[in-house]
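Participant: 3D model of this:
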Amino acid sequence: MIFENFITIINSIIPFLVILTILVFVHELGHYLVAIYNNVRVEVFSIGFGKELFGFYDKKGTRWRFSLIPLGGYVKMHGDADEASTKQIEESKIDKNLSFHNKSVGQRSLILFAGPAANFLFSFLLLIFINCVYGFQTTKPIITEIVDKSPAKISELKVNDLILSIDEEKITSFEDIKNIVGNFKNKSIVLELARDNKIIKKELFIENGLLGIKGGYTERQKLSFFQSITHSSNQIYFFSKATIVGIYEIFIGKRNTDELGGPIRIAELSSDFWQKGLYSTLWFMVLISLNLGLINLFPIPLLDGGHLLFNFFEFLNGKPLEKKYMNFFHSFGFFLLISLMIFATYNDISRFL
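Facilitator: You can find the predicted model right below:
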């Protein structure tokens, strides 16, 4: 029994660490590339925290390494604080031309934003690949059920009717029907249908944006590369909006805080999607990468968004915040992030109790 539980845990941890490592690498690579472009020396590129397990130096002098605790990563740029040395020694060794902190506010902001941007780009490219190779699932505009006393029932629509157009607007999926009809209230519309190899038209009066029909026939539709670019852009917008709205609704109490998941929940989901195959795993990576990018842009000290906020204040004031205020905000940010992590982990554990 103990051995079986151990194997189950390992099977959950490995997919989680593989997926997390890829997404952290993408995020930090964004910071790294834009830093190099802006002539900032990157001294360390680390996957994980703590003691180094193994690594190597590249031609630019950057130490690429894997560290003991594989739950994140970082890039250490020239001029960043080093816990093992004093401030005086650090300053004596700093080449200001290669230091992150001696770059302009704009350059530093670009370097900070590049991490989340890399996650967005990674999700976007994955979606293009998914939509081209696997396609996206859509529901055919075929009626499978009609609600009693609905406009569809009154106008004598039938099960298996294929809806071709609404008010001469072409319909290709059941989602199109919802999007179009949802805008109509107290209005008559004309549906063009295919029934028994014939094309017929039906007029319906819509009161509240509902036809009163259901669909259930799904298909996977592959897109061309250029179609996929447009569709993937729309998906990025939809998922980003849904994530932000979801977090906002949890914050104002409209949604239950139990929905907030932590590392245990993510590890569990990683294992589930991993076992379902490459298609499901890629979709999971799209969503996690997108969330990683969005959350890092939140204006919380210690996150990229918090540093961007400090840069904005510096831009307005013409000088950075005093160090005592920076230290206070960083301490507050650390406390907030740790509190959120503990709460999310508590939610994860509660699911098993």
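Participant: so for stretch 327-340, what gets flagged as buried?
Facilitator: Using 16 or more other CB atoms under 10 Å as the test for burial, stretch 327-340 gives Phe329, Gly333. Using the backbone N, CA and C atoms, a C-beta is placed for each residue, glycine as well.
Participant: tell me where the stretch 1-150 of the chain has strands.
Facilitator: In the stretch 1-150 of the chain, the strands defined using DSSP state E, counting those that start in this stretch lie at 42-57, 63-77, 136-139, 145-146.
Participant: list the contacts of the spatially closest residue to Leu29 that is not a sequence neighbour.
Facilitator: Among residues not flanking Leu29 along the chain, Ala118 sits closest, at 6.0 Å (CB to CB, 6 or more residues apart in numbering). By CB atoms under 8 Å, 6 or more residues apart in numbering, the residues touching Ala118 are Val26, His27, Leu29, Gly30, His31, Gly293.
Participant: picking that back up, what's the least confident stretch among the strands of the stretch 1-150 of the chain?
Facilitator: The stretch with the lowest mean pLDDT among the strands of the stretch 1-150 of the chain is strand 136-139, at a mean of 80.
Participant: which secondary structure elements does that strand contact?
Facilitator: When contacts are defined as 3 or more CB pairs under 8 Å, 6 or more residues apart in numbering; DSSP states H and E, strand 136-139 packs onto helix 174-181, strand 218-221.
Participant: could those be laid out in a markdown table, adding distance to Phe136 and mean pLDDT?
Facilitator: Below are the helices and strands packed on strand 136-139 laid out as a markdown table (distance: least, CB to CB, whole Å; pLDDT from 0 to 100):
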| stretch | distance to Phe136 | mean pLDDT |
| --- | --- | --- |
| helix 174-181 | 11 | 81 |
| strand 218-221 | 6 | 78 |
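Participant: could you dump these into TSV with mean neighbour count and distance to Val159 added?
Facilitator: Formatted as TSV, those follow (neighbours: other CB atoms under 10 Å; distance: least, CB to CB, whole Å):
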stretch	mean neighbour count	distance to Val159
helix 174-181	17	14
strand 218-221	12	16
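Participant: what helix or strand is the spatially closest residue to Leu23 that is not a sequence neighbour on?
Facilitator: In this structure, Leu23 finds its nearest non-sequential neighbour in Ser289, 5.0 Å apart by CB to CB, 6+ apart. Applying DSSP states H and E as the criterion places Ser289 in helix 278-296.
Participant: quick check: next helix or strand after that helix?
Facilitator: Heading C-terminal from helix 278-296 (DSSP H and E), you reach helix 304-317.
Participant: what average pLDDT does the helix holding Ser289 get?
Facilitator: 93.
Participant: got a list of what Pro301 touches?
Facilitator: Counting by CB under 8 Å, 6+ apart, Pro301 touches His307, Phe310, Phe329, His330, Phe332, Gly333, Phe334.
Participant: so Leu98 touches Glu43, yeah?
Facilitator: No - counting by CB atoms under 8 Å, Leu98 stays clear of Glu43, with 9.7 Å between them.
Participant: and for these two, which residues touch both?
Facilitator: His78.
Participant: gap between Trp64 and Val181?
Facilitator: Per CB to CB, to the nearest Å, Trp64 is found 55 Å from Val181.
Participant: for Tyr74, name its beta-bridge partners.
Facilitator: Ser46 (DSSP bridges).
Participant: flag the shaky bits of the stretch 51-200 of the chain, pLDDT-wise.
Facilitator: Within the stretch 51-200 of the chain, the stretches with pLDDT under 70 are 81-94.
Participant: where along the chain do the helices fall?
Facilitator: Using DSSP state H, the helices of the chain run over residues 2-37, 87-93, 105-133, 151-154, 174-181, 225-251, 263-276, 278-296, 304-317, 323-350.
Participant: so how far is the fifth one from its chain's centroid?
Facilitator: Taking the mean C-alpha point of helix 174-181 and that of its whole chain, the gap between them comes to 26 Å (CA atoms, centre = their mean, to the nearest Å).
Participant: isn't Leu20 right next to Gly48, touching?
Facilitator: No - between Leu20 and Gly48 there is no contact under CB under 8 Å: 9.7 Å.
Participant: who touches both of the two?
Facilitator: Joint contacts of Leu20 and Gly48 (CB under 8 Å, 6+ apart) are Pro70, Leu71.
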